[in-house]
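>>> whatever this is, show me its structure:
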Amino acid sequence: MNTKKILIIEDEPNIRELVLYNLKTNGYDCISAEDGIMGITMVHKEKPDLILLDIMLPGKNGFEICEELREEGNNTPIIMMTAKTEEADKVMGLDCGADDYISKPFGIREMLARIKAVLRRYDINTPLDEVKSQDKDTIITAGELSINVERHEVTVGSRSVDLTLREFELLQYLMENRGHVFSRDQLLNNIWGIDYAGETRTVDVHIRHLRQKLSGDDGEDKYIETIRGKGYKVK
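I've put the predicted structure just below:
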């Protein structure tokens, strides 16, 4: 089993060293950056398996870093760390493409649990050749929408769609249960986990992202349906 590499982008030395120490103690390979510019550079150079990203950073803030990485097609899982507790800030982080968030001050156990949860859902160290060698990939389709479960690939017709880990998991779950309506709470529990402390607004943000990415040139979403007062389903 490969040791996971985690990049911590945090400008406060005390917090950075505390996180580094505890992650190394728990078996992770850790690197760090103290500002946004250095952080972006290290993402490209070191190719970490997960990024712990502070929001208030010199050079580039966490929102800018997250947006930049997602726009260039980098889907490395990102957990945002922030002292801000307002819902708007959390939603903004999710809007930028973050997979999860954790508010300061946080406990080490909580941090480790969130990291394990994200990494458990998506092992980005699986070699491509190993994936290709599988006898048969699982393909789920709905009209022109198709997802390859093993390869984490999504296509609409001939167009490839780049999704974050959470977006892929959410779409996969809805497509595997096509026609069934799921409430926000049900989706939060099944995708993020029953112990997840976030708000149901998290689900709405990810659904909106999915709709934007799956839409055609006309901007119409043909796949995810909102059932008023109940939740969401794949048509």
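
>>> what is the burial count for Glu67?
Around Glu67 there are 16 other residues, counting by other C-beta atoms under 10 Å. Yep, even glycine has a C-beta here, placed from its N, CA and C like the rest.

>>> correction: the previous question concerned Asn74.
The burial count assigned to Asn74 is 18, neighbours taken as other C-beta under 10 Å.

>>> now the residue nearest the centre of the chain: how far from Thr226?
With the centre of the chain defined as its mean C-alpha position, the nearest residue by C-alpha atoms, centre = their mean is Asp99, 2.8 Å away. In this structure, Asp99 and Thr226 are separated by 23 Å, where distance is defined by C-beta to C-beta, to the nearest Å.

>>> with Ser158 instead?
Using C-beta to C-beta, one obtains 27 Å as the distance from Ser158 to Thr226.

>>> measure stretch 81-93 end to end?
Distance across stretch 81-93, first residue to last, is 10 Å (C-alpha to C-alpha, to the nearest Å).

>>> before we move on, what about stretch 34-52?
First-to-last distance for stretch 34-52 - C-alpha to C-alpha - comes to 12 Å.

>>> mean confidence score for that stretch?
Confidence over stretch 34-52, taken as the mean pLDDT, stands at 94.

>>> which SSE is Asn14 in?
When secondary structure is defined by DSSP states H and E, Asn14 falls within helix 13-25.

>>> and that helix, which residues are buried?
Within helix 13-25, the residues that qualify as buried by neighbour count (16 or more other C-beta atoms under 10 Å) are Ile15, Arg16, Val19, Leu20, Leu23.

>>> redo those residues as CSV? Include distance to Ile140 and pLDDT.
Supplementary listing: these in CSV, determined by distance: C-beta to C-beta, whole Å; pLDDT from 0 to 100:
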residue, distance to Ile140, pLDDT
Ile15, 41, 91
Arg16, 41, 92
Val19, 38, 93
Leu20, 40, 93
Leu23, 35, 93
